[in-house]
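Enquirer: Starting from these lines, generate the structure:
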Amino acid sequence: MDMSLNKEARGQNRGFEESVEIIKADLSKDGKTLDITAVYLKEFGAKDLANMDFLEGLTTLEMGTNLIGPKGMKSIARSPYLKNLTSLNLFYNKIGNEGVKYLATSDNLVSLKSLTLSDNDITDEGAKYLAKFLPLFTNLLRLDMRLNKIKEEGKNALREIQPKTTIKQLLLDKEEGFQVKTSGHL
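Expert: From the prediction side, this is the model:
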């Protein structure tokens, strides 16, 4: 059953004020970490989050299992308040190839050191597109692409771009594309 036009399925039944309450309840006291895993913000909740100026100091955003979709990803990628993020976990958000394009071309997310895009219906097309832009993410050390629909062509594109990036760990399905041992933590 396609529920893409259903307002509740897209998170529109929640108002901005309710979204603010949810976000503030899960925001760390220092304002640097937000864990909203499985809150199911969906598309409109992601748009609300992207417009919350009090998140300007946020460095870690754990928002797996929120089903934000590509339009929610677009809001996150374009948010002027999320420029300080160093860790972004988007596990199971159904962003797909379209969402990857918004993320890959975002000027606001270039501070990321760790990016999790597991289980997002990303195919070779999205992986190849992301690979083209990975050299612009000059701080990125860890990229998790597991549980997507990426075949050898997409995996190879990600592996081949590695020498042109700072990525030390790439996770692809049950195998690791590459991992460079470091003395510190990722």
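Enquirer: Find out how far stretch 136-150 is from the centre of the chain, if you would.
Expert: 9 Å (Cα atoms, centre = their mean, to the nearest Å).
Enquirer: swap in stretch 19-34?
Expert: Worked out by Cα atoms, centre = their mean, stretch 19-34 lies 18 Å from the chain centre.
Enquirer: What is the end-to-end distance of it?
Expert: 13 Å (Cα to Cα, to the nearest Å).
Enquirer: could we number from 515 for the rest of this?
Expert: Happy to do that; since the first residue is 515 now, the last one works out to stretch 533-548.
Enquirer: What residues sit buried inside it?
Expert: 533, 536-537, 541, 548 (16 or more other Cβ atoms under 10 Å). The way it works is simple: take the backbone N, C-alpha and C, and place the C-beta from them, glycine included.
Enquirer: Could you do stretch 652-668 as well?
Expert: Buried, per 16+ other Cβ under 10 Å, within stretch 652-668: 654-664, 668.
Enquirer: now do stretch 566-580
Expert: 566, 569, 572-580.
Enquirer: where along this protein do the strands fall?
Expert: 547-549, 574-576, 601-603, 628-630, 656-658, 683-686, 689-693 (DSSP state E).
Enquirer: got JSON lines for those, with distance to Pro584 and mean pLDDT too?
Expert: Converted to JSON lines, the strands of the chain look like this (distance: least, Cβ to Cβ, whole Å; pLDDT from 0 to 100):
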{"stretch": "strand 547-549", "distance to Pro584": "21", "mean pLDDT": "98"}
{"stretch": "strand 574-576", "distance to Pro584": "18", "mean pLDDT": "98"}
{"stretch": "strand 601-603", "distance to Pro584": "16", "mean pLDDT": "98"}
{"stretch": "strand 628-630", "distance to Pro584": "16", "mean pLDDT": "98"}
{"stretch": "strand 656-658", "distance to Pro584": "19", "mean pLDDT": "98"}
{"stretch": "strand 683-686", "distance to Pro584": "22", "mean pLDDT": "94"}
{"stretch": "strand 689-693", "distance to Pro584": "24", "mean pLDDT": "49"}
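Enquirer: what about Asp562, how many residues close to it?
Expert: 22 (other Cβ atoms under 10 Å).
Enquirer: Would you reformat the buried residues of stretch 652-668 as TSV and include distance to Thr619?
Expert: What follows is the buried residues of stretch 652-668, written out as TSV (distance: Cβ to Cβ, whole Å):
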residue	distance to Thr619
Leu654	15
Leu655	21
Arg656	20
Leu657	16
Asp658	20
Met659	18
Arg660	23
Leu661	24
Asn662	19
Lys663	21
Ile664	19
Gly668	18
